[in-house]
Each structure stands twice: as structure tokens, then as C-alpha cells.
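A.B. asks: this is a predicted model, with the sequence first.
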Amino acid sequence: MSRINRPRIEPGDEIAAADLNARFDDYSQPGALDVANHGLGAIDLPQIQAQKLITLDSKADTIGTGVWDHTSPQNIAASGASPPTLTELGGAGNGRLALGAGYTLNPGDLLRVYWNLGAEPNVTGRPYAAPGLGTLAIDNGSGGATDLNDCFACWVAHLQWDTTSALLTNFAAVPGQSDFTPGFSSVQSLAGSSLIPAYLEYSPEGHAADGLMSSAPTQKALRWMGTQGSWFTARGPTSGVVTVYGLRIVVSGIYHAAFTGSDNRLELFTALAGSCTLDLSQGRLTALHQRLA
């Protein structure tokens, strides 16, 4: 077994191409990515205060069904009813990161999760029939008003985990993340979320002339966009032990930013008009099990 014994990068050290290449050569050795070899020369250490992080295991997998060039993407429809429908990215089994026997998180352990995917919103007409959210009434100069959307509508992709068994039949929202069961989520409960813009319209006049907008708004087609997200949990002394058997991304919408008087949150649109769908393409889901020494 090879062992990496390269000095760590210290504050003020010059980081040159030769040094970086040497470090990555270290990690390309057969059997190098194990617990014994994540010591002073670990690639991740310069990012962590006090340089005391050990990587116990890591795993990544492709998620989603549509390939990188967006051929045959997954298409999902807006819920239009509360609670929203949560759709697994890629469909059952195609968007999951299975962790086998599981990552057992003890006090002092961290789980870091990263994901990315491609998304393209498809809206024909406006995304609501009775706009209770997102309406901006602009004086049209003729005694009436032009309804302009504020463009805060979005889809949400959020992270779930299964801490029950390797069968992966009991997914739930990760800590700090709402499952949107009431049809809304507080902004304070979106720790594992990625937001995807759903709708964009603008005044064809380019601006409101003297506070007036006489023309109807123009909808702008939204194209493919990259969506990324990250989440972590740190197990404190009183957190207890939990074993994570799998992770997945679920998508739902359409939501809109709202304020209830005491809480900033995302509200589900339940009065939809036209056709509101979202295309999803392939991405990656990565998990790192680490320990603070």
C-alpha cells in the first residue's frame, strides 16, 4: 500500500503547477484514497481551519436520465395543488446515490453533499390563473393598469436522505430542509434546496415611461441552465449516531416568494394557467463522509 507523506500547504506558501501536479500524482497511486493516506498531504486540508479534517469515504454517481446534451430529458408538470407532488430526479432509481452499508455518522463526523443538474422551464401562458402572488399593477395611462409579473416564480430541487435501511424506501428531507407538505416552506427551512427560475416577462417598452406602462408584457423563453446545490451536517456531541444509506434529489413547483407578516417563505402556486412544465437532464450527486480529528 502506498502512503502519502507530503507536507501540508502552509499559509503564505506559493502554490505552483509543479506542486499541485505532484499532489495529484500522489492521489493517482493504486490504493492511495484510503483513511491512512488522508493525513498532512490531503488535498482538502488547506480549506479547513486548524487542518484537522480526515476523509473517511466518498462516493459520487450520475443522476437523471437526460444526457449532457439534453437528449431525452425528464419532463415534470407543475403541481397545481397543495401539497405539491415531489418528483425524484431521473425517476425511481435513476437519481439516487446508494451508500451500500451506509455512512455511520458519529459525534464529530461531517457529511458533505454536492449536486448539479440541467433544467429548462417550459411555460405557455402565465404560471397562474388568479395571480395572488407576483402581481405588479402598473398604471397604463388610460385609467387602468397593466399587470406585470415580478418574475419571482421558481421550481425547487431539494435533497432527501434515507436513514432507515439500504432498501431506500424511506426518504425524508434532510435536517434544515422542509418537505413542502403544507405547500410552502420557510426560507429558514431551505438548507438543502436549489432554486430554478420558472418564468420571466418584461415590458416591451423597456421601462415605465413616467411611471406608465401601456403595452402588455412580453414573456421571455428560458433556456437550459445549470443548477447546483450543496448541504452539510456536522454531528455535535449531543447529536447522536445516524446511518445514511442513500441520497436523492426531488423536484417540485411552481413556487413564489412570499411574506406572511412574520416569515419569509416560498408559497406554492395552486391556480395555474396554460402549460407549466420543467425539463431535467443529467447531473451528479456526491457525498463526502469526513471526521474532525
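C.D. replies: Yes, it's here. Given the structure is predicted, the values throughout are model-derived calculations rather than measurements.

A.B. asks: show me this protein divided up by domain.
C.D. replies: 1-51, 54-292 (automatic domain parsing).

A.B. asks: rank those by pLDDT, which is bottom?
C.D. replies: When mean pLDDT is averaged over each of the domains of the chain, domain 1-51 scores lowest at a mean of 64.

A.B. asks: and the domains of the chain as a markdown table, adding mean neighbour count?
C.D. replies: Every residue, glycine included, has its C-beta placed from N, CA and C. Listed next are those as a markdown table, based on neighbours: other C-beta atoms under 10 Å:
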| stretch | mean neighbour count |
| --- | --- |
| domain 1-51 | 12 |
| domain 54-292 | 17 |
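
A.B. asks: and Y255, that's in a strand?
C.D. replies: Yes - according to DSSP: H, G, I helix; E, B strand; the rest coil, Y255 belongs to a strand.

A.B. asks: just give the closest residue to it, not the sequence neighbours.
C.D. replies: In space, Y255 comes closest to L266 once its chain neighbours are excluded; the distance is 4.0 Å by C-beta to C-beta, 6 or more residues apart in numbering.

A.B. asks: what bridges to the one you found?
C.D. replies: Beta-bridge pairing for L266 (DSSP bridges): S185, A257.

A.B. asks: do I have it right that it meets A257?
C.D. replies: Yes - counting by C-beta atoms under 8 Å, L266 touches A257, with 6.4 Å between them.

A.B. asks: mind listing the shared neighbours of the two?
C.D. replies: Listed as contacting both L266 and A257 by C-beta atoms under 8 Å, 6 or more residues apart in numbering are C154.

A.B. asks: the stretch 1-150 of the chain: helices as residue ranges?
C.D. replies: All helices of the stretch 1-150 of the chain, identified by DSSP state H, counting those that start in this stretch, fall at 17-27.

A.B. asks: show me where it has its strands.
C.D. replies: Taking DSSP state E, counting those that start in this stretch as the criterion, the stretch 1-150 of the chain carries its strands at 53-63, 74-77, 87-88, 96-105, 109-124, 135-139, 145-149.

A.B. asks: how about those, which one is nearest L168?
C.D. replies: For the strands of the stretch 1-150 of the chain, the distance to L168 is smallest for strand 96-105, at 6.2 Å, taking C-beta to C-beta.

A.B. asks: what angle separates the closest one from strand 53-63?
C.D. replies: 160 degrees (axes from the mean of the first three to the mean of the last three C-alpha atoms, to 10 degrees).

A.B. asks: please save the CA atoms from strand 96-105 in PDB.
C.D. replies: Output of strand 96-105 as PDB, limited to C-alpha atoms (Å, rounded to 0.1, in the frame of the first residue of the first chain):
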ATOM      1  CA  ARG A  96     -30.200   8.100  -6.200                       C
ATOM      2  CA  LEU A  97     -26.800   7.800  -4.600                       C
ATOM      3  CA  ALA A  98     -26.800   4.500  -2.800                       C
ATOM      4  CA  LEU A  99     -24.300   4.200   0.000                       C
ATOM      5  CA  GLY A 100     -24.400   0.400   0.500                       C
ATOM      6  CA  ALA A 101     -24.000  -0.500   4.100                       C
ATOM      7  CA  GLY A 102     -24.300   3.200   4.800                       C
ATOM      8  CA  TYR A 103     -22.200   6.100   6.200                       C
ATOM      9  CA  THR A 104     -22.500   5.900  10.000                       C
ATOM     10  CA  LEU A 105     -22.100   9.500  11.300                       C
END
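
A.B. asks: mind listing residues that contact it?
C.D. replies: Residues outside strand 96-105 that contact it (C-beta under 8 Å, 6+ apart) are 56-57, 59-61, 63, 88, 111, 166, 168, 233, 235, 241-248, 285-287, 289.

A.B. asks: any idea how far that strand is from the chain center?
C.D. replies: Taking C-alpha atoms, centre = their mean, to the nearest Å, one finds the center of strand 96-105 at 19 Å from the center of the full chain.

A.B. asks: and stretch 54-72, by the same measure?
C.D. replies: From the chain centre to the centre of stretch 54-72 is a distance of 13 Å (C-alpha atoms, centre = their mean).
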